[in-house]
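Engineer: Structure for the following, please:
(one chain, ligands or ions: 2)
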Amino acid sequence: MASIQAIEQTSVHQIQSGQVIVDLNSVVKELVENSLDAGSTSIEVRFRNHGLDAIEVIDNGTGIASEDFESVALKHYTSKLRSYDDLESLGTFGFRGEALASLCALSQLYIITARESDSPRGTRLEFEVSGKLKSTSTIAAQRGTKVIVEKIFHNLPVRKKELEKNIKREYGKVLTLLQAYACISTGVRFSVSNQMPKGVKTPSFSTNGSAATKDNIIKVFGSKSLRDLVSLNLQLEMQTTTYAVSTQSDISSHIVKVEGHISRPVPGEGRSAPDRQMFYVNSRPCGLPQVAKAFNEVYRIFNISQSPFVFANLVMDTNSYDVNVSPDKRTILLHDQGILLESLKESLVNLLESEEQSVPQIRP
Ligand code: ADP
Ligand code: MG
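Structural biologist: Ligands and ions are numbered 1, 2, ... in the order given. Have a look, this model is predicted:
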């Protein structure tokens with residue numbers, strides 16, 4: 001027998017799933033993004049034992065049509081993307097059709113869902129490890145979808161132990177992530193709670209569906225801790241030159257907008273650590289270490305001993321960045337990052353200079 005053999009399909013699925021669902025954070029991120037993609041205006045996230053026993057995400061979105069029950073958790077089945085060419089114009093968080101399939105491979109997944117026309121009747125779905133539909137049953141349910149993830153990583157013992165060992169820290173990271181989604185999601189009520197075994201449900205934070213990001217920020221973090229915020233409304237002109245083989249070089253320019261809020265650049269208004277800084281690209285929460293560095297550097301010119309609170313959404317052409325770098329979509333590749341950073345720093349210096357001199361607003 002030849003020594004090189006194909007890996008059996010179930011094992012391939014489990015190996016790949018471990019890259020999509022890497023930790024507690026990715027479970028929650030995928031489920032919340034699905035709820036947002038379904039047009040929900042209310043999203044409740046319930047943890048049991050910080051997520052070790054169960055994670056439940058309950059939304060009031062479109063629900064799932066019965067024709068889709070068979071394929072909802074199959075790998076690479078999605079309602080959001082048909083072909084590679086659609087990727088650039090995509091308006092949803094999800095597009096790979098991998099999250100639910102991966103959760104079937106690494107946890108016990110249940111879905112309860114009802115369309116507007118079915119409510120108050122809904123359907124409870126159970127799945128096999130492969131993502132194949134195992135059974136359905138009728139159950140009372142309001143319009144929307146409830147996804148329940150139990151026994152996360154039960155078949156990946158090392159990862160499960162790591163998660164249990166570091167659960168407090170991991171749960172802290174999840175809350176930070178949920179805060180980022182709650183602050184940017186105008187018009188969506190978020191509520192997050194945890195319940196310990198035999199304990200009562202403890203609310204973590206909630207928002208009330210306001211149309212303004214600043215209201216969300218105040219609901220999430222409290223008005224006292226934020227003090228005086230300055231609005232960010234920067235327009236960065238991005239000039240890029242492409243040198244063609246022909247004699248003509250092509251200079252093109254486009255605008256990147258930076259919207260949001262930053263602490264007023266005077267002593268006492270910042271924070272002792274860069275612990276509350278949220279960055280987004282077209283409202284998608286993401287880590288942008290270089291952009292964060294630029295914000296902190298410029299802020300410290302004005303307030304040397306503190307770091308700013310930052311909430312910054314970069315609004316740009318969908319073809320000027322790439323989210324499809326890793327299966328968990330955490331890494332975003334910004335084309336022309338160097339030009340963007342230079343332009344950002346210059347605009348920030350101008351803004352903070354003028355805000356430093358203006359009279360601070362009266363605090364509520
Ligand atoms: P993707 O989000 O990349 O499409 P997922 O595995 O996360 O892949 O979800 C598969 C499909 O299941 C989605 O395309 C969507 O049609 C449906 N779905 C998942 N979660 C929800 C939800 N909360 N509400 C409505 N539909 C959902
Ligand atoms: Mg998804």
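
Engineer: how about the residues of the stretch 51-200 of the chain near ligand 1?
Structural biologist: For the stretch 51-200 of the chain, the residues in contact with ligand 1 (C-beta under 6 Å from any ligand atom) are 59, 61-62, 64, 72, 78-80, 94-101, 145. For every residue, glycine as well, the C-beta is placed using N, CA and C.

Engineer: do the same with the stretch 251-364 of the chain
Structural biologist: Near ligand 1, no residue belonging to the stretch 251-364 of the chain is found when assessed by C-beta under 6 Å from any ligand atom.

Engineer: my guess is E30 contacts L24, does it?
Structural biologist: No: E30 is beyond contact range of L24, at 11.2 Å (criterion: C-beta atoms under 8 Å).

Engineer: So K134 belongs to a strand, correct?
Structural biologist: Yes: assessed by DSSP: H, G, I helix; E, B strand; the rest coil, K134 belongs to a strand.

Engineer: How about it: what's its closest non-neighbour residue?
Structural biologist: E126 (4.6 Å; C-beta to C-beta, 6 or more residues apart in numbering).

Engineer: neighbours of T202, just the number please.
Structural biologist: 11 (other C-beta atoms under 10 Å).

Engineer: roughly how far apart are it and L333?
Structural biologist: Distance, T202 to L333, using C-beta to C-beta, to the nearest Å: 39 Å.

Engineer: what does S3 give?
Structural biologist: 38 Å.

Engineer: just A54 next, same as before
Structural biologist: Distance, A54 to L333, by C-beta to C-beta: 35 Å.

Engineer: quick one: which of the two has more around it?
Structural biologist: A count of neighbours by other C-beta under 10 Å puts A54 above the other of A54 and L333, at 18 against 12.

Engineer: Contact partners for the spatially closest residue to that one that is not a sequence neighbour?
Structural biologist: Of all residues not flanking A54 in the chain, R48 sits nearest, at 4.1 Å (C-beta to C-beta, 6+ apart). R48 is in contact with A54, I55, E56, N194, Q195, P197, counting by C-beta atoms under 8 Å, 6 or more residues apart in numbering.

Engineer: and what of E150?
Structural biologist: Shown in contact with E150 (C-beta under 8 Å, 6+ apart): D53, A54, S107, Q108, L109, Y110.

Engineer: please redo it, this time with the cut-off set to 10 Å
Structural biologist: Residues in contact with E150, defined by C-beta atoms under 10 Å, 6 or more residues apart in numbering, are R48, L52, D53, A54, I55, E56, S107, Q108, L109, Y110.

Engineer: Over to the second one: give its phi and psi.
Structural biologist: L52 adopts backbone torsions of phi -70, psi -40, taken as degrees, to the nearest 10.

Engineer: where exactly do the helices run in the protein?
Structural biologist: Ranges of helices in the chain, per DSSP state H, are 9-20, 24-37, 99-106, 157-165, 167-184, 213-221, 223-226, 289-302, 337-357.

Engineer: Can you name the residue of this protein nearest ligand 1?
Structural biologist: Using C-beta to the nearest ligand atom, G94 is the residue of the chain that sits closest to ligand 1, at 2.2 Å.

Engineer: Give the other helices and strands that the lowest-mean-pLDDT helix or strand in the chain contacts.
Structural biologist: Ranked by mean pLDDT, DSSP states H and E, the helix or strand of the chain with the weakest confidence is helix 223-226, at a mean of 73. Contact analysis of helix 223-226 by 3 or more C-beta pairs under 10 Å, 6 or more residues apart in numbering; DSSP states H and E lists helix 213-221 as its packing neighbours.
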